[in-house]
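1. pasting the structure only:
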C-alpha cells in the first residue's frame, strides 16, 4: 500500500526567502501530484510529475521527482505572501488515478 | 474553463439520517472520484468510478456509502445512516484519462452531522 509523507508539516517563512517541501513515498508510484489548498477551499492542481528526473516550474514554484529515492520536492523561490496555503503531494499507481495524499504542509509567508 | 460543481456547499443533518451529495463532473471526463477531508487533516480517497461501475474503494467506503451516476451528468454520493464521524468536507473529482492528467476537484460539500 502506498504511503506518502511530507515534511515539514508547518512552515513559516519570510517574504523573499527560499525553501523546500519534501515528499517521500513508500512504494513505487507511477506519478506524483502537487496540489494547493487555501483555507476552506478546494484543491488546485499545481504539477503532475510523470517520470524520474521530471522537473516542472510555474512562477516561484518548482517541483521535481526522483523515483529512485522515492522523493519529490517543491521548491519555493523568493516567497511572497500570496503563496500562503497548504500544499499537498499525492502519489498514484496504475490507471484510474486513485491518489494517496500526504499530510500536507501549511505554508505561512510573513511580511 | 470547465469545472467540477458540487451541491450543496454545506449540509447539516442529524445522526442516522440519509444524505445525498451531488456533483457534476467536467463533461468530457471519464473517471470520477469522491474524497473526504476531516477538518485539518489530509485528504482521503473514498471511491473511484469508471464506465458506470466502481473501480476501486477504500476501507472507509463501507456498506453505508453508495455512488451513482443516474444520468449523463450527475454523480452522487449517498450516506445511508450518517454518524458523527462522517462530518467532513467531501470533494468530488474527475479526470479525463485516468493516468497523466490531474484530477480536477470541486469546491466540496461540508457535511456536519449533529
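-> Happy to help now that I have it. Predicted model only: the values in this text are computed from it and were never measured.

2. quick one, what contacts residue 67?
-> Using chain A here. Neighbouring residues of residue A:67 by Cβ atoms under 8 Å, 6 or more residues apart in numbering or on different chains: A:28-29, A:51-52. Where you see a C-beta, it was placed from the backbone N, CA and C, and this is true even at glycine.

3. The intended chain is chain B.
-> So residue B:67 contacts B:34, B:47, B:49, B:54, B:75-78 (Cβ under 8 Å, 6+ apart).

4. Which of the contacts of residue A:67 sits closest to residue A:107?
-> Nearest to residue A:107 among the contacts of residue A:67: residue A:29, at 22.7 Å, using Cβ to Cβ.

5. thinking again about what came up before, next, format the contacts of residue A:67 as TSV and append secondary structure, distance to residue A:22 and pLDDT.
-> Listed next are the contacts of residue A:67 as TSV, based on DSSP: H, G, I helix; E, B strand; the rest coil; distance: Cβ to Cβ, whole Å; pLDDT from 0 to 100:
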residue	secondary structure	distance to residue A:22	pLDDT
A:28	coil	18	76
A:29	coil	15	75
A:51	coil	19	82
A:52	coil	17	82
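
6. which residues sit in contact with the nearest residue to residue A:94 once chain neighbours are set aside?
-> Distances taken as Cβ to Cβ, 6 or more residues apart in numbering or on different chains put residue A:30 closest to residue A:94, at 6.8 Å, once the chain neighbours are dropped. Residues in contact with residue A:30 (Cβ under 8 Å, 6+ apart) are A:50, A:92-94, B:99.

7. tell me the two of those residues that are most distant?
-> A:50 and A:94 (13.8 Å).

8. tell me which of the contacts of residue A:67 is nearest to residue A:41?
-> So of the contacts of residue A:67, ranked by how close each gets to residue A:41 (Cβ to Cβ), first place is residue A:29, at 25.7 Å.

9. does the residue of chain A found nearest chain B sit in a helix or strand, and which one?
-> The minimum distance from chain A to chain B, using Cβ to the nearest Cβ, falls at residue A:45 (3.7 Å). Per DSSP states H and E, residue A:45 falls inside strand A:43-49.

10. how many neighbours does the residue of chain B found nearest chain A have?
-> Ranked by Cβ to the nearest Cβ, the top residue of chain B for proximity to chain A is residue B:102, at 3.7 Å. Neighbours of residue B:102 under the rule other Cβ atoms under 10 Å in any protein chain shown: 21.

11. With residue B:105 instead?
-> Neighbours of residue B:105 (other Cβ under 10 Å): 23.

12. what pLDDT does it get?
-> Model confidence at residue B:105, given as pLDDT, is 96.

13. May I have the residues that are in contact with it?
-> A:35, A:42-44, B:4, B:35, B:91-93.

14. As JSON lines, those with pLDDT and neighbour count would be great.
-> Listed next are the contacts of residue B:105 as JSON lines, based on pLDDT from 0 to 100; neighbours: other Cβ atoms under 10 Å in any protein chain shown:
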{"residue": "A:35", "pLDDT": "97", "neighbour count": "24"}
{"residue": "A:42", "pLDDT": "92", "neighbour count": "20"}
{"residue": "A:43", "pLDDT": "94", "neighbour count": "27"}
{"residue": "A:44", "pLDDT": "95", "neighbour count": "14"}
{"residue": "B:4", "pLDDT": "96", "neighbour count": "24"}
{"residue": "B:35", "pLDDT": "97", "neighbour count": "27"}
{"residue": "B:91", "pLDDT": "97", "neighbour count": "26"}
{"residue": "B:92", "pLDDT": "97", "neighbour count": "29"}
{"residue": "B:93", "pLDDT": "96", "neighbour count": "29"}
